[in-house]
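*Asks:* Structure, please.
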Amino acid sequence: MSTKRPRSNPKPLPFVATGAIVGFIVFGVISWIGPNRNEGFDITYDPSAALGYMSVLGLLLGALVGAVVVALLTYRK
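*Replies:* From the prediction side, this is the model:
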C-alpha cells in the first residue's frame, strides 16, 4: 500500500489578491517618493493622479505575477 497523499492544488484567489496588494503598495510608494519626471516637459501632473495611475498599474501587474506563480505551482509534477 502506498502512504503517499495526493497533492492538492493551491487556491488561486489568495495568490492573485496578495500579488495585487503588494503591487498596489510598491507602485504607490514608488509614485509617492519617486523623482519628479515633469521637469523640462512643461507638463504638470497632479500628484494624486499619478498615485492613482501607478496604484492601478501596480494592482494589475501584481495580480498578473500572482496568477503566474499559482499557475507554476499548479503545474508542478
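*Asks:* Show me where this structure has its helices.
*Replies:* With helices called from DSSP state H, the chain shows them at 12-33, 47-75.
*Asks:* Now do the longest one against helix 12-33, angle only.
*Replies:* So that's helix 47-75. 150 degrees (axes from the mean of the first three to the mean of the last three Cα atoms, to 10 degrees).
*Asks:* Number of residues surrounding residue 52?
*Replies:* 13 (other Cβ atoms under 10 Å). For every residue, glycine as well, the C-beta is placed using N, CA and C.
*Asks:* do the one 5 residues further on as well
*Replies:* Residue 57 is surrounded by 16 other residues when neighbours are defined as other Cβ under 10 Å.
*Asks:* ok, now which ones touch the closest residue to it other than its chain neighbours?
*Replies:* Leaving out its chain neighbours, the residue that sits closest to residue 57 by Cβ to Cβ, 6 or more residues apart in numbering is residue 27, at 5.7 Å. Counting by Cβ atoms under 8 Å, 6 or more residues apart in numbering, residue 27 touches 54-55, 57-58, 61.
*Asks:* hmm, try it at 10 Å
*Replies:* 34, 51, 53-62 (Cβ atoms under 10 Å, 6 or more residues apart in numbering).
*Asks:* Then residue 73?
*Replies:* When contacts are counted by Cβ under 10 Å, 6+ apart, residue 73 touches 7, 9-10, 12, 15.
*Asks:* redo that, cut-off 8 Å
*Replies:* Applying Cβ under 8 Å, 6+ apart, we find residue 73 in contact with 10, 15.
*Asks:* tell me the centre residue of the protein?
*Replies:* residue 62 (1.2 Å; Cα atoms, centre = their mean).
*Asks:* And the pLDDT for that one?
*Replies:* Listed pLDDT for residue 62 reads 92.
*Asks:* Ok, residue 35 next?
*Replies:* 66.
*Asks:* in stretch 53-61, what's buried?
*Replies:* Buried positions in stretch 53-61, judged by neighbour count with 16 or more other Cβ atoms under 10 Å: 54-55, 57-59, 61.
*Asks:* hang on, the earlier thing: closest one to residue 3 among the helices of the chain?
*Replies:* The closest of the helices of the chain to residue 3 is helix 47-75. By Cβ to Cβ, the value is 23.3 Å.
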